Structure formats: structure tokens, C-alpha cells
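Peer 1: following is a predicted model, sequence given first.
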Amino acid sequence: MRRKELEIILQKISPLPKYDIWSEQYQTPPDLASFILYTAVEKGDIEGKKVADFGCGSGILAIGAAILGASEVIGIDIDPVAISESKRNAEMLQVSDKTKFFLMDVRDFNIEVDTVLQNPPFGTKRRHMDIIFLEKALSVSKVVYSVHKAGNTDFIRKFVERLGGAVDEIWFSRIKIPKIHKFHLRAVYPVDVEIFRVVKWKGL
Ligand SMILES: C[S@@+](CC[C@H](N)C(=O)[O-])C[C@H]1O[C@@H](n2cnc3c(N)ncnc32)[C@H](O)[C@@H]1O
């Protein structure tokens, strides 16, 4: 399957019906999701691998990984609506046999996987939430693809190195997110993001 075909399939996954500002539930746009997924395939991180999607939202990264040949995919989210929407979307795209979705806080996840894909909350509402996700992802996997608000590259690089990992590659993109604060005037805001590929090179 070509990347554009995957993107068209992922466009069938709608964002969650109600946007929870506190949980920062913006969806990864299908073009960025297909870029992350294809990059991960090219690097050997998806096909035949056990993959987790932390904060799966409507399931776009988890379902994409299943479509691209992951052997097993686990999606988790703290919001019950996200879990039911992910299950519904997995059924619609005929990958429910390869995907499992669990309602849980990322901090409670303790299953070993090969690869974690995640677009965590930026931490705008709950400080350092993205870092909590990243630390958990590195503790249970060998490779992590993680989307972060741009501008904290050095902090993230050093944080990962302190955990015994390494930032292997970084890509840049821009996504539109719904307004975060009541005083915001526009409905959506463009935000520059960095996508990190992080590898674990020491036992954690
Ligand atoms: C930016 S959205 C990304 C959604 C989806 N992965 C995507 O890429 O479109 C972040 C997701 O993390 C979830 N979330 C926030 N805090 C969480 C936590 N402590 N544990 C698990 N999921 C959480 C939110 O409910 C939301 O669905």
C-alpha cells in the first residue's frame, strides 16, 4: 500500500465527537499519521512487531499500525469515549482482530512492546504530561515515535539520555489544534511540532 492510500483510509477516522481541553484531545492529522507510520515501517518498527499507541484518541496511529502489518496493537486512553471510538473505527477498517483498546492511565501501563507510537498531550494543561508519556514509553519499549510541541528539543534530548536512550532522528511538521484557552479567539491554531524517534540503548 502506498502512503497516499493509507492517508485516504485514515481520513475515514473522525476526531473524537467531544474535544476535552483538559486531556488535550486533538487528533493527529491523517497526513502526519501516515508519515509517522510509513517512516516507522521503513525503519522496521511496525511489520511483525507488537506496537502500543499511548493516548490513542480515536485510534488513528494504532489502526494505521495494524493496517501496515503489526502483529498486535494495544491502544490505551484515559477517556472511555476514546476507547469506544477506537474500537468502532478498528471494526470499520477491519483490524479489530489485531487491535486491543484499554481504558487506563498511561502511568499504569506495564506490558512490554517493541514500538510505541504516541501523540501525547503537549502538557499545556497538565505540566510535563508529554514527558510522563515519553518516560513510560521508553520504559516498556525499544523504539518510540513521539510528537511534541516544537521548541524543547534540547530538553527532550537530555531527558531521554538521562533515561538511557537516544534521540535518533527528528522530523518537523505543523498541526492545527482546537483552541486550548477560553480567551483564544480562533477555533483552531497552527502549532509547530517535532516528531522524535527515540531508541533505547541501555536497559532501563
Ligand atoms: C493529542 S491526543 C492524541 C490522540 C491520538 N493518539 C491521535 O494521535 O490522534 C492525546 C490523547 O491522550 C489521552 N490522554 C491524556 N492523558 C492521558 C493519560 N494520563 N493516560 C492515557 N491517555 C491520556 C487523551 O484522552 C487524548 O486522547
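Peer 2: Thanks, I have the structure now.
Peer 1: which residues does Asp31 contact?
Peer 2: Going by Cβ atoms under 8 Å, 6 or more residues apart in numbering, Asp31 touches Glu7. (Each C-beta comes from the backbone N, C-alpha and C, glycine too.)
Peer 1: and it, what's its pLDDT?
Peer 2: We have a pLDDT of 96 for Asp31.
Peer 1: start the count at 783 instead of 1 going forward.
Peer 2: With the count now opening at 783, the last piece we talked about shows up as Asp813.
Peer 1: before we move on, which element is it in?
Peer 2: Using DSSP states H and E, Asp813 falls within helix 812-824.
Peer 1: likewise for Leu899?
Peer 2: Taking DSSP H and E as the definition, Leu899 sits inside strand 897-900.
Peer 1: per-residue confidence averaged over that strand?
Peer 2: 98.
Peer 1: same question for stretch 853-860.
Peer 2: On average, stretch 853-860 scores 98.
Peer 1: what of stretch 941-956?
Peer 2: Average pLDDT, stretch 941-956: 96.
Peer 1: rewinding a little: what comes up buried for the strand holding Leu899?
Peer 2: Within strand 897-900, the residues that count as buried by 16 or more other Cβ atoms under 10 Å are Thr897, Val898, Leu899, Gln900.
Peer 1: what about the helices in this structure?
Peer 2: For the chain, applying DSSP state H gives helices covering 785-792, 812-824, 842-849, 862-874, 911-922, 935-944.
Peer 1: for Leu986, report the pLDDT, please.
Peer 2: Note for Leu986: predicted pLDDT of 46.
Peer 1: which residue packs closest to Leu885, ignoring adjacent ones?
Peer 2: Nearest residue to Leu885, sequence neighbours excluded (Cβ to Cβ, 6 or more residues apart in numbering): Ile865, at 4.9 Å.
Peer 1: so what's that neighbour up against?
Peer 2: By Cβ under 8 Å, 6+ apart, the contact list for Ile865 reads Cys838, Gly857, Asp859, Phe883, Phe884, Leu885.
Peer 1: cutoff 6 Å now
Peer 2: Asp859, Phe883, Leu885 (Cβ atoms under 6 Å, 6 or more residues apart in numbering).
Peer 1: what do you get for Met886?
Peer 2: Ile858.
Peer 1: equivalent analysis for Val970, please.
Peer 2: Lys958, Pro960.
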